[in-house]
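[1] Okay, predicted coordinates and the sequence, questions at the end:
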Amino acid sequence: MTTHDVLCEVRGRVGFITLNRPQSLNALTLPMIRALTTCLLAWREDGRVKAVALRGCNKAGPFGAFCAGGDIRFFHQALLSGDPAPEDFFTEEYSLNHLIHRYPKPVLAFMDGVVMGGGMGLSQGASYRLVTSRSKLAMPETTIGLFPDVGGGYFLSRCPGHGGEWLALTGTSLGAAQAIQQGLADHCLDAERLPQAWDALAEINPTDAGQMVAWLAVFAVHHDRQAGFDRSRIDAFFALDSVCAIVHALEADTSEWAQRTALQLRQRSPLMLHVAFEQIRRARHLTVAQDLQMERDMMRHCFFPRHLARSGAQTETAEGIRALVIDKDNVPRWQPARIEDVTPEMVEPFFDSPWLPHCHPLRTLA
């Protein structure tokens, strides 16, 4: 079950997985998704394996980076060429996300370093979401003309208050204490002792609650509770009933935080801000399976927005990746250019499934 980019081994009662593509911050490829799925399915049926631990690596070795998301250069090339390969990528990635959420054995995600996009999809279904002082968690998809997928609607909508709308629209990066405050992490570990914490798992029974409490007592550290965010301030704006209302209220507020947040939103894709806002509001009432099915529909429309009469090369996603990753001019030409110019007719079709229920690619999720 070991490939060059995904290393899998069993020691003691634990299956250990290392994402091993450090040159790309462990950005996920379709072969990596398939290797992870194969490994987890095999260990699900293996009585020797009582739990699974997942980590990333950086160029210096294990840890230091978890996963920066999907390989967006691959997405960009596919959009320009019409390559249908992303269809399998998203179907299999979302199936993997669901597998982790429903895994019958404890999963420990060592969320050290960068944890963005697809990295959040791998970690948010884990039983133990472990961050460190080096962790940077974010769902920054609106910056590249996308929406927070990989179950983002489900886990962001479960953040306290309206933190989910705030995180989905702005793509704000969270440190350890902030992630715990937002319900996106469980424990903070000592970054310098991660190798010892990893190896110590092989010496214990991870299904024994007492042994896990003792393991955490050894390797966990107190996080700075003062490093969080003012939830009442976030809710005062992001509980409003539309993206336009949020932005206008922020711009009318003279505080430094409100002005900075409004500027952030003005730089994102106006269309995808509206789509992501609707996604979070809908996902509050969905199971994780229903949310992933909805997001699979949405992603098809991002790559093939026929209702907008655009080709793949003309999508918000192609333009966002071009501006931020390919040309790096940081001047995306969004369509429409203004938040106020987005209409319901542009947004609502993103939530229409292009498949009949019996042939939906994620129809078997429950």
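    The structure has been received and is ready for your questions. All of these numbers come straight from a predicted model, not from anything done at the bench. Numbers count the residues shown, from 1 in each chain.
[2] How far off centre is stretch 70-87?
    With Cα atoms, centre = their mean, to the nearest Å as the basis, the distance from the averaged C-alpha position of stretch 70-87 to the chain average is 18 Å.
[3] Show me which residues of it are buried.
    Counting neighbours by 16 or more other Cβ atoms under 10 Å, one finds that the buried residues in stretch 70-87 are 70-72, 74-79, 86-87. From N, CA and C alone the C-beta is placed, and that goes for glycine too.
[4] is it fair to say Leu137 lies in a helix?
    No: secondary structure of Leu137, determined by DSSP: H, G, I helix; E, B strand; the rest coil: strand, with no helix assignment.
[5] Okay, and the beta partners of it?
    The residues paired with Leu137 through beta bridges, assigned by DSSP bridges, are Val115, Leu174.
[6] unless I'm mixing things up, it is touching Thr172, no?
    No: look at Leu137 against Thr172 with Cβ atoms under 8 Å: they stay out of range, at 9.5 Å.
[7] How about Gly70, nearest residue that isn't a chain neighbour?
    Distance criterion Cβ to Cβ, 6 or more residues apart in numbering; nearest residue to Gly70, sequence neighbours excluded, is Gly118 at 4.6 Å.
[8] Just confirm the one you found contacts Cys67, I think it does.
    Yes: taking contacts as Cβ under 8 Å, Gly118 lies within contact range of Cys67: 6.0 Å.
[9] shared neighbours of these two, anything?
    Shared contacts of Gly118 and Cys67, defined by Cβ atoms under 8 Å, 6 or more residues apart in numbering, comprise 27-28.
[10] what about these two, which has more around it?
    Neighbours per residue (other Cβ atoms under 10 Å) separate Gly118 from Cys67, with Cys67 holding more: 29 against 25.
[11] check contacts around that one.
    Cys67 makes contacts with 19, 25-28, 56, 114-116, 118-119, 122-123, as judged by Cβ under 8 Å, 6+ apart.
[12] Pipe these into CSV and attach pLDDT per row.
    What follows is the contacts of Cys67, written out as CSV (pLDDT from 0 to 100):
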residue, pLDDT
Leu19, 98
Leu25, 96
Asn26, 97
Ala27, 96
Leu28, 96
Gly56, 98
Val114, 98
Val115, 98
Met116, 98
Gly118, 97
Gly119, 98
Leu122, 98
Ser123, 98
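[13] Gly145: neighbour count?
    Should you count by other Cβ under 10 Å, Gly145 turns out to have 25 residues around it.
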